[in-house]
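>>> no FASTA, just this:
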């Protein structure tokens, strides 16, 4: 009788080691592929978010620049393309307005007054107000950033349909809608009649708010200091409204005790034409709320200040903001000027050049090799473009006297 022989045998030690090594290689390769996938997904999301924020900020900035002078000071031609601010005996220097900040020092650490051209002249409101190096410094190597202010008429409020009457002290205007309001009245395309001047967040978002800037007949500017109300009998006269312009606004624009450059020069005048100004200032700031242990230097943010309203953030992580200007003076064109040359003024600006608007991604990527070297680890974009100021350019080519 033959005994069966068991010929099966286990793996040798060498075979086990080879198998383990192959397994480790596969695991490491899979982990590396997974990590690379995560990194690519992270980088793609950062680029997409950066491009979206960058495009939105650039579009808003270019939109406001292109509208500078529209329906406002530009209508009066080169000789009257300005509005003097309060000046002379007893006046306080008017500064860029802001709600809740009496000194308006959020721009560069000190109040910024409206410019004077030439130096020593009364501070003046222009369609475009350059602010070279008036902004904060984000990085010492690049130096101070710029600010810029644009002024244009608000087409969403049919204030031109009303006729204004100033009181004797230059502190209140009564806006009356005449019976023949359609004569010379320009309405937005979506309106069939002039709306109420009383603001309502639900029913009339275009109404007047505290901080709105109103220009009267190309002669003076006032800042709305309170809520508009219907004329007597209150609540029933929907074609007549009273609007206060009392002193004490943060920008020191309302100075009824000063005769020059204030609403007092229009005291007791009737048949006043008026338009609401959109006065927009762009600047960089570092909100205190963005400073933390993770971000000890805070997050530089591009802000948009409209008239006397609260500043609104446009985009975070904007690191640098610089403008240059093309100017025409008696037929001589100067391009790419970082500040206005001697003998010129903002009425001569025909083009605004965004020399730099640098922006980085929200998160840091330690593996990225395409980031800006000075901010290593971040995705970055830099906008450089030119915007023709169509209203100002038209005045330069075809002056209106």
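That came in fine, so what should we check first? It should be emphasised that the depicted structure is a prediction, and the values quoted were computed from it without experimental measurement. Numbers count the residues shown, from 1 in each chain.
>>> can we go C-alpha only for contacts and neighbour counts from here?
Will do.
>>> is it true that residue 225 touches residue 214?
No: using Cα atoms under 8 Å, residue 225 is not in contact with residue 214, being 11.1 Å away.
>>> Not including adjacent chain positions, what is the nearest residue to residue 184?
Computed as Cα to Cα, 6 or more residues apart in numbering, the closest residue to residue 184 that is not its neighbour in sequence is residue 161, at 7.4 Å.
>>> so how far is residue 119 from the one you found?
Counting by Cα to Cα, to the nearest Å, the separation of residue 161 from residue 119 is 38 Å.
>>> quick one, which of those two is more surrounded?
Higher neighbour count among residue 161 and residue 119: residue 161, with 25 against 9, using other Cα atoms under 10 Å.
>>> what residues are up against that one?
Contacts for residue 161 (Cα atoms under 8 Å, 6 or more residues apart in numbering) come out as 177, 181-182, 184-186, 194.
>>> cool, residue 168 as well?
Counting by Cα under 8 Å, 6+ apart, residue 168 touches 264, 267-268.
>>> can you tell me the helix or strand for residue 335?
According to DSSP states H and E, residue 335 maps onto strand 332-337.
>>> can you list contacts of the following helix or strand past that strand?
Next in sequence after strand 332-337, counting helices and strands by DSSP H and E, comes strand 349-360. For strand 349-360, contacts defined as Cα under 8 Å, 6+ apart pick out 50, 54, 65, 128, 317-328, 336, 378-390, 392-393, 396.
>>> Tell me which helix or strand comes right after strand 349-360.
Proceeding C-terminally, strand 349-360 gives way to strand 380-388 as the next helix or strand, assigned by DSSP H and E.
>>> what lines up beside that next one in the sheet?
Neighbouring strands of strand 380-388 in its sheet, by DSSP bridges, are strand 349-360 (antiparallel).
>>> pLDDT averaged over the strand it pairs with - what is it?
Average pLDDT, strand 349-360: 90.
>>> Now do it: distance to the chain's middle.
Using Cα atoms, centre = their mean, to the nearest Å, the mean C-alpha position of strand 349-360 is found 13 Å from that of the whole chain.
>>> How about stretch 112-119?
Put simply, stretch 112-119 sits 20 Å off its chain's centre (Cα atoms, centre = their mean).
>>> and if you look at stretch 148-165?
The chain centre lies 18 Å from the centre of stretch 148-165; the measure is Cα atoms, centre = their mean.
>>> Give me the buried positions along that stretch.
Residues of stretch 148-165 classed as buried: 148-155, 157-165 (neighbour count, 16 or more other Cα atoms under 10 Å).
>>> Identify those among these that sit within helices.
Using DSSP state H, the subset of the buried residues of stretch 148-165 located in helices is empty.
>>> Which of these fall in strands?
148-153, 163-165 (DSSP state E).
>>> Save the residues you listed as CSV, and put in pLDDT and distance to residue 358 too.
CSV is the format used below for these (pLDDT from 0 to 100; distance: Cα to Cα, whole Å):
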residue, pLDDT, distance to residue 358
148, 93, 16
149, 92, 19
150, 92, 21
151, 91, 24
152, 90, 26
153, 88, 29
163, 91, 46
164, 93, 45
165, 95, 47
